[in-house]
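1. Dropping a prediction and its sequence here:
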Amino acid sequence: MQKDQLLTRRRALLAGVVAAGAAGTAGVLAVGTGEEPARPAGPAAGAQTRRPLAASAYRLQPVTGYGPPRTVPGRPPVRRAPLLRVSGRGRTMVLTFDDGPDRRYTPAILDTLAHYDVRAMFFVCGGMAAENRGLLARMADEGHVVGNHTWSHPMLTRLSRGRIRTEMERTCDIIEKAYGERPAWFRAPYGAWNRAAFQLGSELGMEPLAWTVDTLDWTSPGTGTIVHRVENGAAPGVVVLSHDGGGNRSQSVLALRRYLPRLLDAGYHLSVPRRHPA
Ligand code: ZN
């Protein structure tokens, strides 16, 4: 990949994110520094949110009010529990999609997000990412955040430390190749965390992020049920779990088209946490 392409991707990435400081409270990820304008109501304001942020401005964004700056850049603390929600100004929510990318569903999800000028997080499996590198490149181009969901989606609590490391490290590597940067976030398959996962995640420069609202979309409960679960669970700081891979995710694709405009109409700001400074 050309260096300038990488820079373009980084710039696109920076343009779409809000700042996140170190979490001040266990289980809460701070999002928003006050620099991020509230999601504009008018159509003209879309251009404002798309305005690229200069790299220097990005670095200068204050983290005050959200705990002290990291003392070891790129090495998050070893947590004992994953972050479950975000905190920030206004009605901020985060949409997350796991187990992809899958060329049958992920492009449609990206199309919907692009249509509404919304950024999301994708916790990808390395094996899927290796087969769909172009989709990771598109996520980078469109400002989405890619997290690590292990290589083959095992139950980490049943693996040796060495195998957990391999699962996580290989996935960091393929994300770096296809997306252009190493991931700053990881999520344990099945939400099954253990101490080794937290320690290795920290060593690999990643924060553990779980979720607040589980759509249970993988059970194919019906599009309407998924929509209801998201809208019913919507609240400031909520992290929503859905899936764009790992099975038939057509209901997840259709549900997003219904609940996303309604969340925006309700004044929610769908955003992604900022990557911590490397
Ligand atoms: Zn998963």
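-> Ah, there it is.

2. looking at this, Val86 is in a strand?
-> Yes: Val86 forms part of a strand when assessed by DSSP: H, G, I helix; E, B strand; the rest coil.

3. so it sits right up against Val239, yeah?
-> Yes: assessed by Cβ atoms under 8 Å, Val86 is found in contact with Val239 at 6.2 Å. Where you see a C-beta, it was placed from the backbone N, CA and C, and this is true even at glycine.

4. Is the ion within reach of the longest helix seen in the chain?
-> Secondary structure of the chain per DSSP state H: the longest helix is helix 161-179. No: contact of helix 161-179 with the ion (Cβ under 5 Å from the ion) is absent, the minimum separation being 12.2 Å.

5. And that helix, how far out from the chain middle?
-> 17 Å (Cα atoms, centre = their mean, to the nearest Å).

6. Equivalent analysis for stretch 133-151, please.
-> Distance of stretch 133-151 from its chain centroid, counting by Cα atoms, centre = their mean, is 9 Å.

7. same check, this time on stretch 118-135
-> For stretch 118-135 - counting by Cα atoms, centre = their mean - the centre lies 11 Å from the chain centre.

8. Can you list the buried residues in it?
-> Residues of stretch 118-135 classed as buried by neighbour count (16 or more other Cβ atoms under 10 Å): 118-130, 132, 135.

9. What of stretch 241-249?
-> 241-246, 249.

10. Then stretch 212-228?
-> Buried-residue list, stretch 212-228, by 16+ other Cβ under 10 Å: 212-213, 215, 217-218, 223, 225-228.

11. wait, which of those is closest to Gly162?
-> Trp218 (28.9 Å; Cβ to Cβ).

12. and the closest residue to Val230 other than its chain neighbours, what pLDDT?
-> Spatial nearest neighbour of Val230, excluding adjacent residues (Cβ to Cβ, 6 or more residues apart in numbering): Tyr259 at 4.5 Å. We note a pLDDT of 98 for Tyr259 in this prediction.

13. Tyr259 falls within a strand, correct?
-> No: assigned with three-state DSSP, Tyr259 falls outside any strand and is helix.

14. Distance check, it against Ala197.
-> 30 Å (Cβ to Cβ, to the nearest Å).

15. More neighbours: which of the two?
-> Ala197 (27 against 23; other Cβ atoms under 10 Å).

16. List the contacts of the more buried one.
-> 156, 164, 168, 186, 188, 208 (Cβ atoms under 8 Å, 6 or more residues apart in numbering).

17. Direction included, what does the lengthiest strand in the chain pair against?
-> Assignment by DSSP state E gives strand 92-98 as the longest strand of the chain. Sheet partners assigned to strand 92-98 using DSSP bridges are listed as strand 121-124 (parallel), strand 239-243 (parallel), strand 269-270 (parallel).

18. can you list the residues of the stretch 51-200 of the chain near the ion?
-> So far as Cβ under 5 Å from the ion goes, the stretch 51-200 of the chain lies against the ion at 98-99, 189.

19. Can you add neighbour count and give the residues you listed back as JSON lines?
-> Output for those, formatted as JSON lines (neighbours: other Cβ atoms under 10 Å):
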{"residue": "Asp98", "neighbour count": "23"}
{"residue": "Asp99", "neighbour count": "22"}
{"residue": "Pro189", "neighbour count": "21"}
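
20. Could you export these to a markdown table, including columns for pLDDT?
-> Below are those laid out as a markdown table (pLDDT from 0 to 100):
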| residue | pLDDT |
| --- | --- |
| Asp98 | 98 |
| Asp99 | 98 |
| Pro189 | 98 |
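
21. show me the contacts for the residue nearest the centre of the chain.
-> Geometric centre of the chain, nearest residue: Met121, 2.3 Å, by Cα atoms, centre = their mean. Contacts for Met121 (Cβ under 8 Å, 6+ apart) come out as 94-97, 144-147, 185, 209, 272-273.

22. In helices, which of the buried residues of stretch 118-135 appear?
-> Mapping the buried residues of stretch 118-135 onto helices (DSSP H) picks out 126-130, 135.

23. What is the nearest of those to the ion?
-> Checking those against the ion by Cβ to the ion gives Met128 as the nearest, at 10.4 Å.

24. does that closest one really touch Asp99, like I thought?
-> Yes: Met128 sits in contact with Asp99 when judged by Cβ under 8 Å, with a separation of 7.1 Å.
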